[in-house]
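In: Sequence and predicted structure, then a few things I'm wondering about:
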Amino acid sequence: MYTSEEQLQSSHTNTSGFDSHTGIYHSLLQLGTDRNIPTTPFLDTATFVLSHFPKWDQAESKLALIDLATNQRLTYSQLQRSIYSLAAGLHHGLGVRKGDVVFVLSPNSILYPTICLAVFLVGGVLTTANPLNTDSEITKQVLDSGAKLAIADPREVHKLVSTKLPTLLTSRPSSGDALSVEELIDNCGTMELPESRSTQSDTAAILYSSGTTGVSKGVILTHANIISVMTLLKWSVDNTSANNDVFLCFIPMFHIYGLAFFGLGLFCSGTTTVLMQRYNLRAMLEAIHTHKINNIPAVPPVILNLVKYKGGGYDLSSLRRVGSGAAPLSKELVDAFRAKFPWVALRPGYGLTESCGAATLFITNEEAKAHPAASGTLLPTFCAKVVDYETGIAMPPYGEGELWLKGPAVMKGYLGNEAATAATIDLDGWLRTGDLCYFDKDGCLYIVDRIKELIKHNGYQVAPAELEAILISHPHILDAAVIPLEDEEAGEVPMAYVVRAAESQLGEDQVIQFVASQVAPFKKVKKVSFINVIPKSAAGKILRKDLVAQSRRNVQSKL
């Protein structure tokens, strides 16, 4: 987005962190000498996290986790004992050795962090899956990751039958003699752990990207990657005085966002988390009301639900901070949220699985309010380039291009896919994100859209996210997604899938006119289809490929 020569010339100031000689944006934030990322090579993620647990008598009383559904509570000392017991059980009872891949198939549960940290503690490699995945998707991931053991929720274990993978249940079954995590923890006769443990350079996790535009790939994250992000998360909590906050978790822990926050990172700050198995608006409101929630790491669909919700009866005054990640927030949605919840600090951020879930964040609410359409500033340890995807030139502030990232959190590569790794990480270690963006004069990042998702209309490029932001600002539209529709004359035209409010009589022509009155002619929506729900990944990203496939099926059925 070029705006003026004056703005482009501002690149020569250092308020943006931009170096005009190298074309690199540097973070304007510092960790501080007392919070540096540990450099000792013999350190694994679990040992790092456990070393930050509250000490002694505080650990006995400080709550780490509260299960919203059952009200089961786990103190830090109980959590620590469970981790060590399960780690010993995995090693001595089930023979898990350094480098063995453990496949976890479960919704959020109070045992999920115990499982993750125990796997790391014995040197295992964690790979997690969405319980909504089909049998074939799960089989593919098991084979691709080379898993040696599965840990599964009893309700999901049937999806693993064809893999013939040895399986440990998360909880005791109502019948049968299958071994469970709970039994291993309760009956562990030793706390002795293997001598051969992981180093920072070893693989810690293989996480599979959401595959919103293509085939999902296994992202290799090392212990060094995860430890660097844990350090940043602890630094962020400290800087926002959120150490005593009560957090709410509905972000799935199988996703990097949920894993980084709730499976691992927040334990480094001694916070308390109220755990939901899955997201539900009314359950979330009830949790805030009952448990006096202060802090919610969220995603754009949740922000949208809060803005559109017209009910009452819940006391939400305890809320102090709401984060947003996984997908960009529009200025319209940010403004609507702040108007409805003026006492809440809304802090958008940006990250992706390949950067271990981190890259940018707003630390202060004042900074976020001054840049309502931005996704934060570069976190310490990260640097960035904005590269014009036609010329390869690194762009100054306000110049659009592909976002490239570099830092200790950037993945090792894609599992078993050298071609995809080489296409994503260059020889100097720069991660090509595939996101079209720009930085402003203050070093704030603005995500325009996914480059692959831009609609090519008569030589113009149309960002679906811009049109979606306009659509959801309509009082009768609850949610929306925009995709490219093939057109003989223009190449592609924007098509909108819209979720109408209950009882609304909103029609296609009204939607088309609503958008047309606010955009340039080439951005006009040409077709509208009404739908009950917009398909999204677990992290809240629109699954455009599913909608594109649906639109093609609809066209074929009419031929």
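Out: Perfect, I can see it now. Numbering: from 1, shown residues only.

In: Give me the phi and psi angles of Y257.
Out: Comment: the main-chain dihedrals of Y257 come out as phi -60, psi -50, following degrees, to the nearest 10.

In: Tell me who's in contact with it.
Out: Taking CB atoms under 8 Å, 6 or more residues apart in numbering, we find Y257 in contact with 251, 297, 299, 325-326, 351, 357, 539. The way it works is simple: take the backbone N, C-alpha and C, and place the C-beta from them, glycine included.

In: of the residues you listed, closest to V219?
Out: Proximity of these to V219 (CB to CB) peaks at G357, which lies at 10.5 Å.

In: Please identify which of the contacts of Y257 is nearest to I393.
Out: Each of the contacts of Y257 was checked against I393 using CB to CB; the closest is G351, at 25.4 Å.

In: ok, now which ones touch that closest one?
Out: With contact taken as CB under 8 Å, 6+ apart, G351 is in contact with 256-257, 325, 357-360.

In: Now tabulate these in JSON lines and tack on pLDDT, secondary structure and distance to K164.
Out: Conversion of those to JSON lines gives the following (pLDDT from 0 to 100; DSSP: H, G, I helix; E, B strand; the rest coil; distance: CB to CB, whole Å):
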{"residue": "I256", "pLDDT": "93", "secondary structure": "helix", "distance to K164": "29"}
{"residue": "Y257", "pLDDT": "92", "secondary structure": "helix", "distance to K164": "32"}
{"residue": "G325", "pLDDT": "86", "secondary structure": "coil", "distance to K164": "37"}
{"residue": "G357", "pLDDT": "94", "secondary structure": "coil", "distance to K164": "33"}
{"residue": "A358", "pLDDT": "95", "secondary structure": "coil", "distance to K164": "37"}
{"residue": "A359", "pLDDT": "96", "secondary structure": "coil", "distance to K164": "40"}
{"residue": "T360", "pLDDT": "96", "secondary structure": "strand", "distance to K164": "43"}
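
In: the helices in the stretch 301-450 of the chain, which residues?
Out: Using DSSP state H, counting those that start in this stretch, the helices of the stretch 301-450 of the chain run over residues 331-340, 365-370, 418-424.

In: Deepest-packed of those, please.
Out: Mean neighbour counts were compared across the helices of the stretch 301-450 of the chain using mean count of other CB atoms under 10 Å; the top stretch is helix 331-340, at a mean of 17.

In: Relative to L193, how far out is the closest residue to S198 other than its chain neighbours?
Out: On the basis of CB to CB, 6 or more residues apart in numbering, the spatially nearest residue to S198 that is not a chain neighbour turns out to be D44, at 4.0 Å. The spacing between D44 and L193, counted by CB to CB, to the nearest Å, is 11 Å.

In: what is in contact with these two at once?
Out: With contacts defined as CB under 8 Å, 6+ apart, the residues adjacent to both D44 and L193 are L121.

In: Just want to know which of the two has more residues nearby.
Out: Taking neighbours as other CB atoms under 10 Å, D44 and L193 compare with D44 leading, 23 against 18.

In: what sits against that one?
Out: Residues in contact with D44, defined by CB under 8 Å, 6+ apart, are 120-121, 123, 197-200, 202, 204, 223.

In: Buried ones among these?
Out: Burial of these was assessed by neighbour count (16 or more other CB atoms under 10 Å); the buried members are 120-121, 123, 197-198, 200, 202, 204, 223.

In: Near the residue nearest to A423 when sequence neighbours are not counted, how many other residues are there?
Out: The spatially closest residue to A423, leaving aside those adjacent along the chain, is R432, at 7.5 Å (CB to CB, 6+ apart). Number of residues near R432 (other CB under 10 Å) recorded here: 18.

In: any idea how far K452 is from R432?
Out: R432 is 12 Å from K452, where distance means CB to CB.

In: go on, L68?
Out: When L68 is compared with K452 (using CB to CB), they lie 37 Å apart.

In: So if I had to pick from these two, which one is more boxed in?
Out: L68 (22 against 13).

In: Surely the more buried one touches Y279?
Out: No: with contact defined as CB atoms under 8 Å, L68 does not reach Y279; the gap is 11.4 Å.

In: now stretch 246-255: mean pLDDT?
Out: The average pLDDT within stretch 246-255 is 94.

In: Between the two ends of that stretch, how far is it?
Out: End-to-end distance for stretch 246-255: 21 Å, by CA to CA, to the nearest Å.

In: Could you identify the pair within the buried ones among the contacts of D44 that is furthest apart?
Out: For the buried ones among the contacts of D44, the maximum inter-member distance is 14.7 Å, found between L121 and Q200 (CB to CB).

In: Quick check: which element contains K148?
Out: Taking DSSP states H and E as the criterion, the element that holds K148 is strand 147-152.

In: what helices or strands is that strand leaning on?
Out: The elements that strand 147-152 packs onto, with contact taken as 3 or more CB pairs under 8 Å, 6 or more residues apart in numbering; DSSP states H and E, are strand 101-105, strand 167-169.

In: Could you check how far D245 is from D238?
Out: Distance of D245 to D238, computed by CB to CB: 12 Å.

In: Ok, A336 next?
Out: For A336, the distance to D238 (CB to CB) stands at 31 Å.

In: again with A129
Out: 33 Å.

In: So those two - more neighbours on which side?
Out: For the pair A129 and D238, the greater number of neighbours falls to A129 (24 against 14), based on other CB under 10 Å.

In: which residues does that one bridge with?
Out: For A129, the residues forming beta bridges with it (DSSP bridges) are L105.

In: contacting residues around it?
Out: Residues in contact with A129 (CB under 8 Å, 6+ apart) are 103-105, 137-138, 141, 208, 254.

In: which of these lies closest to N187?
Out: Distance ranking of the contacts of A129 against N187, using CB to CB, places V104 first at 20.9 Å.

In: Tell me the spacing between that closest one and I66.
Out: Noted for V104: a distance of 21 Å to I66, by CB to CB.

In: swap in P342?
Out: Counting by CB to CB - P342 and I66 are separated by 28 Å.

In: Looking at these two, which has the bigger crowd around it?
Out: Comparing P342 with I66 by neighbour count (other CB under 10 Å), the higher total belongs to I66, at 20 against 7.

In: Make a markdown table from the contacts of A129 and add neighbour count and distance to F530 to it.
Out: Supplementary listing: these in a markdown table, determined by neighbours: other CB atoms under 10 Å; distance: CB to CB, whole Å:
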| residue | neighbour count | distance to F530 |
| --- | --- | --- |
| F103 | 25 | 39 |
| V104 | 23 | 38 |
| L105 | 25 | 34 |
| E137 | 16 | 29 |
| I138 | 23 | 33 |
| Q141 | 22 | 34 |
| Y208 | 24 | 32 |
| F254 | 25 | 31 |
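
In: By pLDDT, rank the residues you listed and give me the bottom one.
Out: By pLDDT, E137 ranks lowest within the contacts of A129, coming in at 87.

In: In strands, which of the contacts of Y257 fall?
Out: When DSSP state E is applied, the contacts of Y257 are split such that P297 fall in strands.

In: Could you dump the contacts of Y257 into JSON lines with distance to T290 added?
Out: Below are those laid out as JSON lines (distance: CB to CB, whole Å):
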{"residue": "I251", "distance to T290": "19"}
{"residue": "P297", "distance to T290": "19"}
{"residue": "V299", "distance to T290": "22"}
{"residue": "G325", "distance to T290": "25"}
{"residue": "A326", "distance to T290": "26"}
{"residue": "G351", "distance to T290": "30"}
{"residue": "G357", "distance to T290": "29"}
{"residue": "A539", "distance to T290": "26"}
